[in-house]
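Visitor: take this sequence and fold it.
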Amino acid sequence: QPKRKAAFGSVGRRIPYRVLHVINQDGESLGTMHRAEALRLMDQHGLKLVLLRENVEPPVYRLMTGQQIHEEQLKLAEKKKASPKPGVVQKELSFSSAIAKNDLETKTKQIAQWIEKKHHVKVTVRQAK
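Guide: Numbers count the residues shown, from 1 in each chain. Below is the predicted model of the structure:
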């Protein structure tokens with residue numbers, strides 16, 4: 001059983017599977033081949049083998065350049081940042097720019113309590129007429 005991979009699968013020569021499905025750097029399928037043949041292709045073209053999907057039979061690997069790997073990692077990082085983390089609650093508060101001083105103090109106390117509880121707080125100020 002292979003160890004759990006990093007965010008972008010295994011990269012390089014350590015391939016725990018004997019038979020794999022290989023895709024070239026342009027996204028075209030090269031078919032199913034033995035690990036040794038895939039490594040030979042990798043060395044010939046100066047590319048790296050990257051695991052895309054391991055829960056299928058045979059696992060899918062792609063030949064990629066270092067630049068392509070870097071771009072994919074950046075895309076994954078952006079997606080991870082954009083998606084809200086489980087367990088993090090986002091609170092939203094909206095008020096008018098003509099809010100009374102007492103109401104403003106009450107709402108700032110509420111915001112402070114939410115921040116202490118590690119909630120994300122979104123504040124919207126509407127312009128008064």
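Visitor: where in the protein is pLDDT low?
Guide: Where the chain drops to pLDDT under 70, the residues are 1-13, 84-87.
Visitor: in it, what residue spans correspond to helices?
Guide: 35-45, 66-82, 101-116 (DSSP state H).
Visitor: so which of those is the most packed in?
Guide: helix 35-45 (a mean of 14; mean count of other Cβ atoms under 10 Å). Any C-beta I mention is one placed from the backbone N, CA and C, and that applies to glycine too.
Visitor: could you give the backbone dihedrals for residue 15?
Guide: phi -120, psi 110 (degrees, to the nearest 10).
Visitor: how close does the most centrally placed residue in the chain get to residue 42?
Guide: For the chain, residue 76 is the residue whose C-alpha lies nearest the centre (Cα atoms, centre = their mean; 3.1 Å). Remark: distance between residue 76 and residue 42 (Cβ to Cβ, to the nearest Å) = 22 Å.
Visitor: against residue 108, how distant is residue 101?
Guide: Counting by Cβ to Cβ - residue 101 and residue 108 are separated by 11 Å.
Visitor: what's the answer for residue 96, then?
Guide: Counting by Cβ to Cβ, the gap from residue 96 to residue 108 is 15 Å.
Visitor: one step back: let me have the helices of the chain in a markdown table, extended by distance to residue 128.
Guide: A markdown table is the format used below for the helices of the chain (distance: least, Cβ to Cβ, whole Å):
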| stretch | distance to residue 128 |
| --- | --- |
| helix 35-45 | 64 |
| helix 66-82 | 33 |
| helix 101-116 | 13 |
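Visitor: which one, of these, ends up nearest to residue 57?
Guide: helix 35-45 (14.7 Å; Cβ to Cβ).
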